[in-house]
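K.L.:
here's my sequence, what's the structure:
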Amino acid sequence: MRGWVWTCVAAGLAVVIGCGGGRGASTPEAAFEAYKAAMANKDFEGVWRMLSAASRQQMEAEAKRIAEQTAKSEGPAKTAAENEAKLMDLTMDQLKTLHGKELFIGYCTMAARVGKEEWEKLPRGQVARVQINGNQADVFVKVGEQVDMEHPLPLLFEDGTWKIDVTRSKPPL
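P.N.:
I've put the predicted structure just below:
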């Protein structure tokens, strides 16, 4: 689960960006502003709509794996699952029947709680540099004078708009 939690924490750091709820964004910079607004309002369902199709599929696969793992959990593993479910505002029963959208929203909810200090930096995030290669883009975000050069936001131009591509995101070690 930690890799997906990082994805949302990175979002809280303004490292993950996307297009605004159905309106679309024709540039990575416009996508960042729409994403930043959705995250600041904790509109995680809106952010879900900003994910690329492959990102949603990846979330579905991860949700299925977690649901199966949770259904089998006992002892310390069950306790850990219960604690994570609570942080995501989910019950154990919900975790056992999890779908991608619920998992993504849960991870964002958890990230907003456990990474509160970093989350609060989001409104100050600005695009420092955009690197476009065909239908892919990497967006480097800065907060103040600090630019995260190791973890650019990966975007994918899909269906006429820039979308978050978590399939290419790199969690920190």
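K.L.:
doesn't E150 belong to a helix?
P.N.:
No: judged by DSSP: H, G, I helix; E, B strand; the rest coil, E150 forms no part of a helix; its state is coil.
K.L.:
next, count neighbours for it.
P.N.:
Other residues lying near E150 total 10 when counted by other C-beta atoms under 10 Å. For glycine as for every other residue, the C-beta is placed from the backbone atoms N, C-alpha and C.
K.L.:
low-confidence regions, the chain specifically.
P.N.:
Counting by pLDDT under 70, the chain contains low-confidence residues at 1-24, 148, 170-173.
K.L.:
show me which helix runs longest in it.
P.N.:
helix 53-72 (DSSP state H).
K.L.:
centre of the chain to that one, how far?
P.N.:
14 Å (C-alpha atoms, centre = their mean, to the nearest Å).
K.L.:
list of residues touching it?
P.N.:
The contact list for helix 53-72, computed with C-beta atoms under 8 Å, 6 or more residues apart in numbering, reads 1, 4, 48, 51, 77, 81, 85, 92, 95-104, 156, 158, 163-167.
K.L.:
quick one, which of those are buried?
P.N.:
By the neighbour-count criterion of 16 or more other C-beta atoms under 10 Å, the contacts of helix 53-72 include these buried positions: 1, 4, 48, 51, 81, 85, 95-96, 98, 100-104, 156, 158, 163-167.
K.L.:
I'd like the next helix or strand past the longest helix of the chain.
P.N.:
Per DSSP states H and E, helix 53-72 leads on to helix 75-87 as the next helix or strand towards the C-terminus.
K.L.:
from Q146, how far out is the residue of the chain positioned farthest from its centre?
P.N.:
Centroid-distance maximum for the chain: G75 at 29.5 Å, with C-alpha atoms, centre = their mean. As defined by C-beta to C-beta, to the nearest Å, G75 lies at a distance of 42 Å from Q146.
K.L.:
the contacts of helix 53-72 in strands, which ones?
P.N.:
When DSSP state E defines the strands, the subset of those inside them is 156, 158, 163-164.
K.L.:
is it possible to get JSON lines of these that adds distance to G125?
P.N.:
Formatted as JSON lines, the ones in strands among the contacts of helix 53-72 follow (distance: C-beta to C-beta, whole Å):
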{"residue": "L156", "distance to G125": "20"}
{"residue": "E158", "distance to G125": "23"}
{"residue": "K163", "distance to G125": "18"}
{"residue": "I164", "distance to G125": "14"}
